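Q: coords please:
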Amino acid sequence: MAELSELRTVDFWRQHPLPIAYIATGVILFLVFVIGGFPYDRALSGSLAPMGLDLSYSDQHPRFPIGAVLENVRLRDASGRQNQPLFAGEEVALAPGLGTLLGRPSLDLKAEAYEGVIAVSLGQSKNLTRVNFTIDRINLAQYPIPTKMRLSIRGLLSAAGMLEVNDSTRMTQTGNIHIVAHNLSVGMGPGLPHLMLATLQGSARIDHGVVFIQQLTGNGPDLSLDLAGSIRLGPNAAQTLVNLSGHLHPSAAGRAHLGFLLNFLPHPPDFRPYTIRGSLASPVLG
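A: Coordinates of the predicted model:
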């Protein structure tokens with residue numbers, strides 16, 4: 001039997017091509033068997049269920065060289081409280097994550113949607129689901145904003161973050177999120193002017209159902225703003241509580257463009273911060 005030191009030499013590999021070919025073929029066949037027989041739909045459903053999410057699709061077919069493709073994918077709130085899907089895409093590519101070969105079930109997803117790219121890695125360890133995600137230049141005008149929000153939003157959004165979930169309630173979620181948006185335009189309602197921001201960027205930490213906004217800053221032709229505070233997530237907008245404060249600095253162009261809206265603020269824009277408190281459905285501006 002060859003010594004370990006012999007296995008490391010080039011001569012040994014040259015002198016034993018046939019056994020090496022058998023070993024390589026066996027490894028490849030093993031990987032093909034494991035990856036080809038991977039239960040993508042069950043693994044994906046099992047990873048999404050702890051987050052209270054439900055996935056549906058019309059068809060599944062293999063993806064070369066490994067993985068599968070789901071067609072006509074819809075991601076919804078499993079509680080049924082929201083009829084509109086959280087995500088809708090023509091195709092989502094799936095592949096087993098590297099952790100799968102080490103006995104730690106994981107799944108990588110990638111989709112081209114809303115004129116951008118979304119990539120997600122899902123991993124499970126006992127009752128814990130880990131989610132790592134990146135969103136690259138999603139066109140917000142293509143994303144269906146719920147009609148109850150009465151907003152129209154345009155711009156390009158990029159984001160990245162990590163979440164950990166150990167049951168289907170939001171009270172145990174932890175993680176962090178970083179976002180960047182470009183050329184953002186937010187319409188507050190019919191007949192009202194749009195708020196224009198060239199850039200908006202921020203970071204937030206999620207800890208047991210509370211989103212702590214560590215920093216959210218925006219700059220544009222109309223104004224600059226900074227915001228911080230917390231959002232305590234509830235099962236719906238009426239039970240989601242916000243406690244935010246920040247400063248607003250309109251430009252001369254912004255005062256002319258947004259003058260009608262600025263007149264409704266509790267005080268003129270100056271050194272004093274504004275506060276937003278109460279439920280997300282009916283917040284109170286102070």
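Q: residue boundaries of the helices in the protein?
A: 4-7, 10-15, 17-36, 40-48, 252-257, 259-262 (DSSP state H).
Q: quick one: average confidence on stretch 251-261?
A: What stretch 251-261 shows for mean pLDDT is 84.
Q: pull out the buried positions in that stretch.
A: Judged by neighbour count (16 or more other C-beta atoms under 10 Å), stretch 251-261 contains these buried residues: 254, 257-258. Just so you know, the C-beta spots here come from the backbone N, C-alpha and C atoms, and that holds for glycine as well.
Q: swap in stretch 201-210?
A: 201-202, 204, 206, 209-210.
Q: which other residues reach that stretch?
A: Taking contacts as C-beta atoms under 8 Å, 6 or more residues apart in numbering, the residues outside stretch 201-210 that touch it are 163, 169-181, 211-218, 227, 230-233.
Q: show the average pLDDT along it.
A: According to the model, stretch 201-210 has a mean pLDDT of 90.
Q: kindly report the same for stretch 48-68.
A: Taken as a whole, stretch 48-68 has a mean pLDDT of 78.
Q: give me the distance between the two termini of that stretch.
A: Across stretch 48-68, the terminal residues are separated by 17 Å (C-alpha to C-alpha, to the nearest Å).
Q: buried sites along it?
A: Across stretch 48-68, burial judged by 16+ other C-beta under 10 Å covers 48-55, 57, 67-68.
Q: run through this protein and note the low-pLDDT ranges.
A: Along the chain, segments meeting pLDDT under 70 span 1-42, 65, 80-82, 97-105, 126, 146-151, 167-172, 188-189, 236-237.
Q: repeat that for 50
A: For the chain, the stretches flagged by pLDDT under 50 are 1-4, 7, 36.
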